[in-house]
Each structure stands twice: as C-alpha cells, then as structure tokens.
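# With the input below, show me the fold.
(2 chains)
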Amino acid sequence: MATIAAVIASTHHPFYLRASTATGDDRPPFADEWVAKIEAFRETLTRARPDVLVMVGSDHFHQLWLDNMPQFLIGKAPFYDANYYNEEREFGLPRMGLRGDEELSAYLLRGGIDAGFDLAFSNELRVDHSITCPIITLRPQADLPIVPVYTNIFAPPMPQPKRFVELGQAIRTLVEAWPSDKRVAIIGTGHLSLELGGPRQFGPHGPDPEFDRKAVEWIASADLKSALAEVSLDSLWLPGNATHGFMDFMLMMGVAGENVRADYADSLDLFHTMEAYFTWYPEASS
Amino acid sequence: MSKYLIDKFLYTIDRDPELVERYREDPRGTVDWWESERANVILNIPERSTWLEFTGAERDALGAHDYVALFELGAHTFLLLTLFIAMFERDYAEPLAFQREFAARLGHWKVPYPDIST
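Below is the predicted model of the structure:
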C-alpha cells in the first residue's frame, strides 16, 4: 500500500515569489523573515521524500466559471499547465508546467465517487496559484507529479464545512489503501481570515486576528470538534469576505485526522493576512 | 437584477489584456459594445443565449467604473478587485495605495455585505 509521507496545510500567498526575490529598495522589510520561515517549512516536505503530491486548492475564476461550476473536482491528466495572464500581471507569477499522476487521479476519482462524493473531473486543467504557490514555497524544483483536487470556496452556494472535512477523511483513507509503493504527500492550501474587494482589505494585519488565533490552534491540534462547532457557511463571512478558504484547511484537518497534533506548526503575521504552515507525519505516529 | 452578468463582464474583461485597456479608456463604450456583442456568448460552446441584459443601474455602474456601486449591487468581490487593480493600480505612486483607497471608499459598510450569490 502507498505511504502517506506527509500531510501539509498552508496558506497560499501569491506575493511570496515577488517579495522573496525582490532586491534593494524593492525588497519589503518582512521578506527575510518570510523566506526563512518558508525554507524551514520546505524542509518538512523535503525530509518526507515524497514521490507524488496530491494538491488541494481552488480555482479563482480561471478555468471554472459560473456557467458550469463544480463543487469538488479532481484533475486527471498527464500534464497541467499552470498560472494565468492575470496572475502574471498582478503577482508576477511565471507560467509553469507540472506532470500529472493519472493512475492516482483515476484511483481517487473512482474511490471517491464510490465513497459517496459525486466528484467532477477534468482531463485538461490549467491550474492556478492555489496549486503553484505551494509548489513555489515547498517544492520549487516542481519535479514531482501531482493530482490536483479543486474545491469551491469561492462561489455560493458552496458545500458545508463538514463536507470538506469528510472529503479530507475520504482522501486519507483512499490514499492509505492505494495499491502502490509510492510515498504520497497530501498538500492543501487555504486562508485564515481574509478580505478581498471589501472595506477591511489590505490592512496592517489580517481582518480578524482573533479568528486567526483560534484557527491556528484548531489546525495545529486538528480540533475538528471546535472548528465545526464555530464555523458555518454564514459565519465565515464575518472574519473577512474571502474567509471561506478556511474550509480547505478544514479539509486538511480531515486528512490529518481528528485531534492529531501537527508535528510542525508556524505562522507569520503579515500585512493583509496571517500566514500559517503545518505538517503532520502520519508514518511516524502509526 | 443580473449579478451573474456583472460577474461575466468582469470575468471576460479581466482575462483579456486588450479589453482591460479598452475598458479603462472607454468604460461606457466598452460596456455598450460588450452588452450587444458579448453578453450572450456562452463561453465554451458555439451557441448564444438570448436573454442576458444589464439593468439600468448595472449598466451605469459599470459604465462609470463605480466599484462602490458594483459592490453594493452584489458583484463578486474577487473579480471586482482584480480587474480594478489591473486598471488603476498603475495610477498610484505608493504600493497598495489604490487597494487602500478602494477599502476606504467602502468604509461605510459593515458585515453583512451585499450578497454575492448568483
């Protein structure tokens, strides 16, 4: 059976590449600390020696549009072109390309559908910065095949938070039962409190530091009971109008396993949003 | 109310560099052209819809680059912010100055914000 080499949950910040590569007067004062934290976080994936990456993220109205919007979608393709003109324009992200693991995609689609998730699929998916940001931070050589898993955290009506958790639990169970000798890392990115296109955007901190403090502790301890008790589709509008991205963290808490404390947890209070980084090693604890 | 069509306008302009510039330079003309030529184009099939049109308030808000009005009409805030950054960030000397002005002009809003559901 396959080995889950690491479970990783992270924020994805599209400005990391630009901040980390800026020099001279263009380099923001927080860049060095940010780079140091990312490099330490990257090491948590490197030491897990993964062969393949399951990447949980969300399309930001790039390929998926309101005329045909899936709730959960898994890519099944031999290759994924990545990043879009408007991400190049706004964030300076480069065009990228990532190999796909079609065998694992097919396996997760079949197993997920049979487990009660009516998953959509795509045989030609151009992924965006929700997938490429963690590649840039965690595996910049972009040398491993991926399986993209997209969730709708963006366009109401969205699935309930509980459903994200359940999908994460199903992915964990399926990967553990995958008849393969590969080492699989499951990586998902989301957001803590975040405001985009509203009055609280781009402040000196995230829009709701109190939510962020609680959320970081929920994630670090995979405290699904508290998170599910306090978080609903309605409540997530309150910390910031783009905070539904937190549901991808909840999915990853489902992957990690309820009440399993992260082996690595770190955060960074940046302007505009709180960054947070978590790694679990199921292999070591099993 | 046709929130979906506002979002479709923002989405299709934002992903085309030439249309971003055209909308920046000639908002009303671009909105009128887009509504007559593009509003009913279904994006991935060679057929057209027959029923999509803006309300007067929506047409006026888009034609005036009035992002406060568009926010209040329930435009998707990610699409709204992304396109308006593309058009106007360049006019401000300080980093994030446009984004902060955008926030300040919405400063009279507290949660709950207008519903972005389509």
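# close enough to count as contact, A:Pro134 and A:Gly190?
No. The criterion here is CB atoms under 8 Å, and A:Pro134 misses it with A:Gly190 at 10.7 Å. (Glycine included, C-beta is placed from N, CA and C.)
# Common neighbours of these two, please.
A:His12 (CB atoms under 8 Å, 6 or more residues apart in numbering or on different chains).
# where do the helices sit along the chain?
The chain I'm using is chain A. Along chain A, counting by DSSP state H, helices occupy A:16-21, A:31-46, A:85-91, A:102-114, A:129-138, A:161-176, A:209-220, A:224-230, A:246-256, A:282-285.
# Chain B, not that one
B:3-14, B:17-25, B:27-37, B:56-63, B:67-72, B:77-88, B:97-105.
# just to revisit the earlier point, ranking the helices of chain A by burial, who's on top?
Of all the helices of chain A, helix A:246-256 carries the top mean neighbour count, a mean of 28, counting by mean count of other CB atoms under 10 Å in any protein chain shown.
# if you look at that helix, does any of it touch chain B?
No. Helix A:246-256 stays out of contact with chain B when judged by CB under 8 Å from any CB of the partner chain, the minimum separation being 15.3 Å.
# what's the closest non-adjacent residue to the residue in chain B that chain A sits nearest to?
Nearest residue of chain B to chain A, counting by CB to the nearest CB: B:Thr77, 2.9 Å away. Nearest residue to B:Thr77 in three dimensions, chain neighbours excluded: A:Gly197, at 2.9 Å (CB to CB, 6 or more residues apart in numbering or on different chains).
# Look at that neighbour and say how many residues are nearby.
27 (other CB atoms under 10 Å in any protein chain shown).
# Same list, the helices of chain B, but as JSON lines with mean pLDDT please.
Shown next, in JSON lines, are the helices of chain B (pLDDT from 0 to 100):
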{"stretch": "helix B:3-14", "mean pLDDT": "98"}
{"stretch": "helix B:17-25", "mean pLDDT": "98"}
{"stretch": "helix B:27-37", "mean pLDDT": "98"}
{"stretch": "helix B:56-63", "mean pLDDT": "98"}
{"stretch": "helix B:67-72", "mean pLDDT": "98"}
{"stretch": "helix B:77-88", "mean pLDDT": "98"}
{"stretch": "helix B:97-105", "mean pLDDT": "98"}
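# The residue lying closest to A:Pro156 once chain neighbours are set aside: what's it in contact with?
Excluding the flanking residues, the one nearest A:Pro156 by CB to CB, 6+ apart is B:Ser117, at 4.2 Å. Shown in contact with B:Ser117 (CB under 8 Å, 6+ apart): A:Pro156, A:Pro157, B:Lys3, B:Gly74.
# Any idea how far apart the tips of stretch A:121-128 sit?
Taking CA to CA, to the nearest Å, stretch A:121-128 runs 16 Å from one end to the other.
# What of stretch A:15-30?
12 Å.
# Could you see whether chain B lies near that stretch?
No. Stretch A:15-30 stays clear of chain B (CB under 8 Å from any CB), getting no nearer than 8.6 Å.
# Mind checking the pLDDT average for that stretch?
Stretch A:15-30 carries an average pLDDT of 95.
# Contacts for it, please.
Stretch A:15-30 is contacted from outside by A:31, A:34-35, A:38, A:91-94, A:133, A:136-137, A:268, A:270-271, using CB under 8 Å, 6+ apart.
# Please name the residues that touch A:His205.
A:His205 makes contacts with A:Asp269, A:Phe271, A:His272, A:Met274, as judged by CB under 8 Å, 6+ apart.
# Of all those, the one with the weakest confidence?
Among the contacts of A:His205, A:Phe271 has the lowest pLDDT, at 82.
# Find the nearest non-adjacent residue to that residue, please.
Nearest residue to A:Phe271, sequence neighbours excluded (CB to CB, 6+ apart): A:Pro204, at 5.7 Å.
# likewise B:Asp14?
Nearest non-adjacent residue to B:Asp14 (CB to CB, 6+ apart): B:Leu83, at 4.3 Å.
# burial count for B:Ile45?
8.
# how far away is it from A:Asn68?
10 Å (CB to CB, to the nearest Å).
# Contact residues of the stretch 101-250 of chain A facing chain B?
Residues of the stretch 101-250 of chain A lying near chain B (CB under 8 Å from any CB): A:154-157, A:196-203, A:237-238, A:241-242.
# low-confidence ranges in the stretch 151-286 of chain A?
Low-confidence segments of the stretch 151-286 of chain A (pLDDT under 70): A:285-286.
# Tell me which residue of it lies closest to chain B.
At 2.9 Å from chain B, A:Gly197 is the closest residue in the stretch 151-286 of chain A, using CB to the nearest CB.
# Next, the contact list for that residue, please.
When contacts are counted by CB under 8 Å, 6+ apart, A:Gly197 touches A:Asn241, A:Ala242, B:Phe71, B:His76, B:Thr77, B:Phe78, B:Leu79, B:Leu80, B:Leu81, B:Phe102.
# Go through the residues you listed and say which is closest to A:Thr3.
Nearest to A:Thr3, judged by CB to CB, of the contacts of A:Gly197 is A:Ala242 at 34.7 Å.
# Measure how buried the closest one is and give me the count.
A:Ala242: 25 neighbours (other CB under 10 Å).
# For it, give me its contacts.
A:Ala242 touches A:His191, A:Leu194, A:Glu195, A:Leu196, A:Gly197, B:Thr77, B:Phe78, counting by CB under 8 Å, 6+ apart.
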